[in-house]
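*Asks:* fold the following, please.
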Amino acid sequence: MLGKNGLYLAWLVALVATLGSLYFSEVRLYVPCTLCWYQRILMYPLVILLGIASYRLDTSIVRYTLPFSALGMAIASYHYLEQKVPGFGLPSLCRSGVPCTTTYIDWLGFITIPFLSLTAFILITIMLLAVISHRASEPNRA
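*Replies:* The predicted model follows:
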């Protein structure tokens, strides 16, 4: 089921993540740091690409969207570690604006905005990989 509906579910996760990031910046007025902007740059196009692909049932989009989600996972992981592990990270990465170590939310002691982003990128990646797996297992696949 996940492979068959993976594009739609990946699009849904990307949509929720995008709306969540817009909520934090436009409603709660949290200023995004440099790493947050990089994550947004990778997440926002996924809403459009996966939305069109899920509507058209175009599984070939996976080869174009999987790099976005994998790179997003890497950046979100780095950002989360930078927030939670003292002394982790490069000091020159967030030189202007809000420091990347700024923690606007800290739910349950571990859920931060980069953690939410990481979760979204992981879910999207899993669903895209499930689409690939489902596509490979289809009979009569040309």
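*Asks:* which helix runs longest in this protein?
*Replies:* Secondary structure of the chain per DSSP state H: the longest helix is helix 113-137.
*Asks:* and the pLDDT for the residue nearest the centre of the chain?
*Replies:* Centroid-nearest residue in the chain, with Cα atoms, centre = their mean: Phe121, separated by 3.2 Å. For Phe121, the model assigns a pLDDT of 98.
*Asks:* any idea how far it is from Val62?
*Replies:* 15 Å (Cβ to Cβ, to the nearest Å). C-betas here are computed from N, CA, C, even on glycine.
*Asks:* how about Gly87?
*Replies:* Gly87 is 38 Å from Val62, by Cβ to Cβ.
*Asks:* so between the two, which is more surrounded?
*Replies:* Neighbour comparison, Gly87 and Val62: the larger count goes to Val62, with 21 against 6 (by other Cβ atoms under 10 Å).
*Asks:* contacting residues around the more buried one?
*Replies:* Neighbour list for Val62: 7, 128, 131-132, 135 [criterion: Cβ atoms under 8 Å, 6 or more residues apart in numbering].
*Asks:* redo the residues you listed as JSON lines? Include neighbour count.
*Replies:* Shown next, in JSON lines, are the contacts of Val62 (neighbours: other Cβ atoms under 10 Å):
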{"residue": "Leu7", "neighbour count": "27"}
{"residue": "Leu128", "neighbour count": "25"}
{"residue": "Val131", "neighbour count": "26"}
{"residue": "Ile132", "neighbour count": "15"}
{"residue": "Arg135", "neighbour count": "15"}
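*Asks:* before we move on, back to that, ok, the residue nearest to the centre of the chain - contacts?
*Replies:* 39, 42-43, 69-70, 72-73, 76.
*Asks:* which among those residues gets closest to Gly97?
*Replies:* The nearest member of the contacts of Phe121 to Gly97, counting by Cβ to Cβ, is Gln39 at 14.8 Å.
*Asks:* backbone dihedrals for the closest one, please?
*Replies:* phi -70, psi -40 (degrees, to the nearest 10).
*Asks:* likewise for Val85?
*Replies:* phi -110, psi 110.
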